[in-house]
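[1] pasting the sequence and the predicted model now:
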Amino acid sequence: MIIIGITGSIGMGKTTIASMLKFLNIPIFDSDKEVKNILEKNKFVINKIQNIWPDVISLEMRQKKINKFLLSNKIFSNKKNRIVLERIIHPIVKKKRSQFIKKYYNSKIIGLDVPLLYETKTNEICNSIFLVNTSKKIQENRVLKRPNMTKTKFNSINNAQWSYEKKRKMKPFVINTSFGKLFSFIQVLLYLAIIITNRKA
């Protein structure tokens, strides 16, 4: 089995590349989706967050709900808060990821869509890495169109991740998403061909 890690900073087009791999029938583990599910459904995590940041919890139909907008403001404006939340959530995501890999063990290729791939050392279990990138201008334009996003928050999220230059030194396959989906898809197909050929050699 070949494990491909898919990573890139916010707004680079990582989700689009993961979708292209899905289109090619490659199973994808979506870390962001798992985190979303944990924050919405995991009672242990919700209670833990309530104990630490009670103001981000509200009651809806007698159910505790995390206000993800308030929570994200807390973690991206304070590094200590981010570390605390990561220590709560990352072990659960790691367990889910291990279950995913076990489930698709007989697949030829699987993908791990992980924004903090290098930061969490998930790259160490990958055979190849797709690093998704675009210009800073395009990145900023994409991200600032998102609901509740501000320039300050955008910069805080960027600063919480490794820089492109640091990731580039790890020698991943770089996919440039600046020139449209067709060009991005051609890069995906080319890199997959290289990965598969090298595996057979």
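    Now that the structure is in, tell me what you want to look at. Numbers count the residues shown, from 1 in each chain.
[2] residue 50: which element?
    Element membership of residue 50, judged by DSSP states H and E, is helix 43-52.
[3] which neighbouring elements make contact with that helix?
    Using 3 or more C-beta pairs under 8 Å, 6 or more residues apart in numbering; DSSP states H and E as the contact test, the elements touching helix 43-52 are helix 31-41, strand 57-60, strand 63-66, helix 79-103. For the C-beta atoms, the positions are set from N, CA and C on the backbone; glycine is no exception.
[4] the second one pairs with which strands?
    Read that as strand 57-60. Applying DSSP bridges to the sheet, strand 57-60 is found paired with strand 63-66 (antiparallel).
[5] quick one: contacts of the strand it pairs with?
    Strand 63-66 has contacts (C-beta atoms under 8 Å, 6 or more residues apart in numbering) with 39-40, 43, 46-47, 49-50, 56-59.
[6] after that strand, next one along is what?
    Where DSSP H and E defines the elements, the next helix or strand beyond strand 63-66 is helix 68-77.
[7] show me what that following helix is packed against.
    Under the contact definition 3+ C-beta pairs under 8 Å, 6+ apart, helix 68-77 sits against helix 31-41, helix 79-103, helix 151-159.
[8] helix, strand or coil: sort out the residue nearest the centre of the chain for me.
    In the chain, the C-alpha closest to the average C-alpha coordinate belongs to residue 115, at a distance of 2.8 Å (C-alpha atoms, centre = their mean). Following DSSP: H, G, I helix; E, B strand; the rest coil, residue 115 is assigned to coil.
[9] so it makes contact with residue 6?
    No. Residue 115 is beyond contact range of residue 6, at 9.3 Å (criterion: C-beta atoms under 8 Å).
[10] overlap in contacts of these two?
    Here residue 115 and residue 6 have residue 14 as joint contacts, going by C-beta under 8 Å, 6+ apart.
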